[in-house]
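Enquirer: The following comprises the amino acid sequence and a computationally predicted model.
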Amino acid sequence: MIELVAYTLAGIILYFGSDWILVQIENAAGRQFENRSLIFFAIILILALSSFAVIRLLTTEV
């Protein structure tokens, strides 16, 4: 049950965090990117794979 809560919470945080990161990158570049959804996908994919691996390690019972 704790895994369900952890993954759900991580997904919500990743969504808003990835959007914030993308906006910061666009502000630094001084323009809005054409392929914004692809860049967002790349950001959230990298963060999701790493954070889900950490959750799996923390919730695995020995």
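Expert: Received the coordinates, thanks. Since the structure is predicted, the reported quantities are computational estimates derived from the model, not experimental observations.
Enquirer: any idea how far residue 21 is from residue 12?
Expert: Note on residue 12: its distance to residue 21, by C-beta to C-beta, to the nearest Å, is 15 Å. Using the backbone N, CA and C atoms, a C-beta is placed for each residue, glycine as well.
Enquirer: nope, residue 49 is what I was after
Expert: Counting by C-beta to C-beta, the gap from residue 49 to residue 21 is 15 Å.
Enquirer: Specify which residue of the two has the higher count of neighbours.
Expert: residue 21 (15 against 9; other C-beta atoms under 10 Å).
Enquirer: For the more buried one, give me the pLDDT.
Expert: Residue 21 carries a pLDDT value of 97.
Enquirer: What residues does it make contact with?
Expert: Residues in contact with residue 21 (C-beta atoms under 8 Å, 6 or more residues apart in numbering) are residue 43.
Enquirer: element containing it?
Expert: helix 2-29 (DSSP states H and E).
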